[in-house]
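> build me a model from this:
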Amino acid sequence: MIHKKKWFIGSLVFAGLLLSACAGGSTDNTGESQATNNAANQDTFTYAISGDPSATNPINTSDRWGLTVNNMIYSPLVAIETDGTEKNILAESVEAAEDGLSITVKLREDVKWSDGEAFTADDVIFTYEQKVKKENGNADQLWIQDEPVAFEKVDDYTVKFILPSPSAAALHNIVTETFIIPEHVFKDVEDFSVNELPVAAVGTGPYKLKEYKRGEYLTFEANEFYFGGEAGIQNVTLRIITSSDTAKVALQKGEVDAAVVLPSDIDDLDTDTITVYPYSENRVGYMGLNTQSEALKDEKVRQAVLFALNKEELNQAAYLDAKYYEQPYSFLPPNNPYVSEDVEKYETNIEKSKELLQEAGVTDLKLNLAFSATDPAQTVQATLIQQQLQKAGINVTLEGGDGTAIFTELKKEGSTKYNLFLGGYIMGNDPDLYGALFRTNGSANYFQTNNPVTDELFDAAALELDAEKRQALYDELQAEVAKDARFYPIVDNKKILAVNNRISDVEAATLIPIYTFEDMSKLSIK
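Alright, predicted model coming up:
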């Protein structure tokens, strides 16, 4: 699952869709019939994805495939590029007030919804009014010191965001990566906390959803009113194939045009027909520790677990070559502008691990480890973690299962079903975004942590407008999170997209974190 900042995959970047076009489906995930035939069509691009969207509600979706679907149907005011820069999408301009208490956004006036209706400021206000409600599940960035951001319509194409107090984090994060929905379509929806909204999707993005057959495929057709211009490929199929081996075979046979592959798969691909595109998502893959589970309440026990691990061994086994990964030591990815390595790195030290267990008065420690059974990298790493911890006398039972179900359980307040768990997230550049994971009341505090010290540092750093002082606060925060030993950062691995050579303009479509393509309509077929 993906934890997203708003980007959210928990595994990031953390199932279903209720539409008139929706049909029930089997769960064999082979996606045969229509989806298989589409790959050979001259007007269809077929992309193999590893599972159903966990949710498709644009107000609170946080998993990779749900966000991928939303990015095809809807648009944000401002998008974050791979290098961390911002790109106006529905916004024409964004201006922050000198006093730091408001942000004024001028909107594009040439945008229509996929049903032909005009896009206006009313739609932006409506969207943010739903998102700011905590009960809807994704309001973290719209509250400052427990006060909500307010929204004001200046005119039909101008919106003002009013902050309750100055906040450096809010100035960066309020207008980015929120998918805008049409008021005239969704105004009668009573509950925006659900995974799927009971209304057919209408958006401003490049595509419209045609059909969703659970466990098999989602099909899309080009949005004729898309402000970004005519699509290079009229139809897109997201074909659901949970097995990475099956997806690779489908790619080799030409049954799909694109799939995510592992480094170990690359040598098997025919370079005459398939091109590989590795790129960074600034992702952190990690092992989480449930601080509410009885076995891990003691900080020394959690630290003992981390000192018994070998990060390099875990990454070599899963990714084979260092050119496909970097090793993080903070909760921030290695290329984040705020990252600090002045933290406890938990270099492998079995004797230290045993000493800490002895100091804590713990013997015969037994833990379980949850991981996604369909994720090859997690499967390899889970087995190695079990072996590594055994060297320190820590016995681990492996609990492979459905990633979505695992994180649904972890999100339950007070859950103690799992002691350890593997996940990953893509959260963006501003460290405050990571508060969804690491604040006591964060919407994705899977670690079940209650830590006033790190909470206070998150609060102080978010409000600090002086850049140097803000950096110092985040340095201290990173050190405190590491000391707390609630999570073990393992990897920032590159995503490797393999694409059939009949598909061109991959660079024009822009490979980005989570969504794969910034704008799939820029692809074309040779």
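> which residues in the stretch 151-300 of the chain form helices?
Along the stretch 151-300 of the chain, counting by DSSP state H, counting those that start in this stretch, helices occupy 168-173, 183-186, 244-253, 299-307.
> actually, the stretch 401-526 of the chain.
Assigned helices in the stretch 401-526 of the chain, in chain order: 403-410, 435-438, 452-463, 467-484, 506-509 (criterion: DSSP H, counting those that start in this stretch).
> deepest of those helices, which one?
Of all those, helix 435-438 has the most neighbours on average by mean count of other C-beta atoms under 10 Å, namely a mean of 26. C-beta here means a position set from N, CA and C on the backbone, and glycine is covered the same way.
> hey, C-alpha coordinates of that one in CSV?
Presented in CSV, the C-alpha positions along helix 435-438 are these (Å, rounded to 0.1, in the frame of the first residue of the first chain):
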residue,chain,number,x,y,z
GLY,A,435,3.1,13.9,10.2
ALA,A,436,0.2,11.7,8.8
LEU,A,437,2.4,8.8,9.7
PHE,A,438,4.4,10.0,12.7
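> output the contacting helices and strands for it.
Using 3 or more C-beta pairs under 8 Å, 6 or more residues apart in numbering; DSSP states H and E, the elements in contact with helix 435-438 are helix 452-463.
> that older thread, Throw the helices of the stretch 401-526 of the chain into TSV and include distance to Thr348 and mean pLDDT, thanks.
Shown next, in TSV, are the helices of the stretch 401-526 of the chain (distance: least, C-beta to C-beta, whole Å; pLDDT from 0 to 100):
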stretch	distance to Thr348	mean pLDDT
helix 403-410	26	92
helix 435-438	24	95
helix 452-463	25	95
helix 467-484	16	97
helix 506-509	39	96
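> would you turn those helices into JSON lines with distance to Met427?
Shown next, in JSON lines, are the helices of the stretch 401-526 of the chain (distance: least, C-beta to C-beta, whole Å):
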{"stretch": "helix 403-410", "distance to Met427": "15"}
{"stretch": "helix 435-438", "distance to Met427": "7"}
{"stretch": "helix 452-463", "distance to Met427": "13"}
{"stretch": "helix 467-484", "distance to Met427": "13"}
{"stretch": "helix 506-509", "distance to Met427": "23"}
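> nearest to Glu468, out of the helices of the stretch 151-300 of the chain?
Glu468 sits nearest to helix 168-173 of all the helices of the stretch 151-300 of the chain, at 12.0 Å, using C-beta to C-beta.
> can you give the contact residues for that closest one?
Residues outside helix 168-173 that contact it (C-beta atoms under 8 Å, 6 or more residues apart in numbering): 5-6, 96, 100, 103, 141, 144, 149, 163, 428-430, 432-433, 461-465, 470.
> can you pull the poorly scored residue ranges out of this protein?
Within the chain, the set of residues satisfying pLDDT under 70 comprises 1-40.
> switch to 80 and redo it
Applying pLDDT under 80 to the chain flags the ranges 1-42, 82-84, 172.
> out of the helices of the stretch 151-300 of the chain, nearest to Val499?
Taking C-beta to C-beta, helix 244-253 is the member of those nearest to Val499, at 8.7 Å.
> so what secondary structure elements neighbour the closest one?
Applying 3+ C-beta pairs under 8 Å, 6+ apart, we find helix 244-253 packed against strand 44-49, strand 258-260, strand 495-500.
> and the shortest one, how far from the chain's centre?
The chain centroid and the centroid of strand 258-260 are separated by 18 Å, computed with C-alpha atoms, centre = their mean, to the nearest Å.
> ok, residues contacting it?
With C-beta under 8 Å, 6+ apart as the test, strand 258-260 has contacts from 45-48, 50, 241, 244, 247-248, 250-251, 495-500, 503.
> likewise the first one?
Contacts to strand 44-49, defined as C-beta under 8 Å, 6+ apart, come from residues 35, 38-39, 65, 68, 233-241, 247, 250-251, 255-260, 503, 516, 520, 523, 525.
> run the chain-centre distance for that strand.
With C-alpha atoms, centre = their mean, you get 20 Å for strand 44-49.
> alpha carbons of stretch 251-266, as PDB, please.
Taking Å, rounded to 0.1, in the frame of the first residue of the first chain, the C-alpha atoms of stretch 251-266 are listed here in PDB:
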ATOM      1  CA  LEU A 251       4.500  -8.200 -21.200                       C
ATOM      2  CA  GLN A 252       6.800 -10.600 -23.000                       C
ATOM      3  CA  LYS A 253       3.800 -12.000 -25.000                       C
ATOM      4  CA  GLY A 254       2.500  -8.600 -25.900                       C
ATOM      5  CA  GLU A 255      -0.700  -9.000 -23.900                       C
ATOM      6  CA  VAL A 256       0.100  -5.900 -22.000                       C
ATOM      7  CA  ASP A 257       2.100  -2.800 -23.100                       C
ATOM      8  CA  ALA A 258       3.700  -2.000 -19.700                       C
ATOM      9  CA  ALA A 259       4.400  -3.500 -16.300                       C
ATOM     10  CA  VAL A 260       6.500  -2.800 -13.300                       C
ATOM     11  CA  VAL A 261       9.400  -5.200 -13.000                       C
ATOM     12  CA  LEU A 262      12.200  -6.100 -10.600                       C
ATOM     13  CA  PRO A 263      15.900  -5.800 -11.300                       C
ATOM     14  CA  SER A 264      16.000  -9.600 -11.500                       C
ATOM     15  CA  ASP A 265      13.500  -9.500 -14.400                       C
ATOM     16  CA  ILE A 266      15.500  -7.200 -16.700                       C
END
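> contacts only, for Asp298.
Ala360, Val362.
> could you dump the helices and strands packed on helix 244-253 to CSV with distance to Pro376 and mean neighbour count?
Formatted as CSV, the helices and strands packed on helix 244-253 follow (distance: least, C-beta to C-beta, whole Å; neighbours: other C-beta atoms under 10 Å):
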stretch, distance to Pro376, mean neighbour count
strand 44-49, 14, 26
strand 258-260, 11, 25
strand 495-500, 12, 20
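> same list (those strands) but as a markdown table, adding distance to Thr56.
Shown next, in a markdown table, are those (distance: least, C-beta to C-beta, whole Å):
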| stretch | distance to Thr56 |
| --- | --- |
| strand 44-49 | 13 |
| strand 258-260 | 20 |
| strand 495-500 | 22 |
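> out of those strands, which is closest to Ala79?
Comparison of these against Ala79 by C-beta to C-beta identifies strand 495-500 as nearest, at 17.6 Å.
> apart from its neighbours in sequence, what residue is nearest Ser93?
Closest residue to Ser93 apart from its sequence neighbours, by C-beta to C-beta, 6 or more residues apart in numbering: Lys106 at 4.5 Å.
> next SSE after whatever helix or strand the one you found lives in?
Under DSSP states H and E, the secondary-structure element containing Lys106 is strand 102-107. Using DSSP H and E, the helix or strand that follows strand 102-107 in sequence is helix 121-131.
> ok, whichever helix or strand comes after that following helix: who's next to it in the sheet?
Counting by DSSP H and E, the next helix or strand C-terminal to helix 121-131 is strand 143-144. Paired neighbours of strand 143-144 in the sheet (DSSP bridges): strand 147-148 (antiparallel).
> who's in contact with the partner strand?
Outside strand 147-148, the residues that reach it (C-beta under 8 Å, 6+ apart) are Val132, Ala139, Leu142, Pro164, Ser165.
> of the residues you listed - the most surrounded one?
Taking other C-beta atoms under 10 Å as the neighbour criterion, Leu142 ranks highest of these with 21 neighbours.
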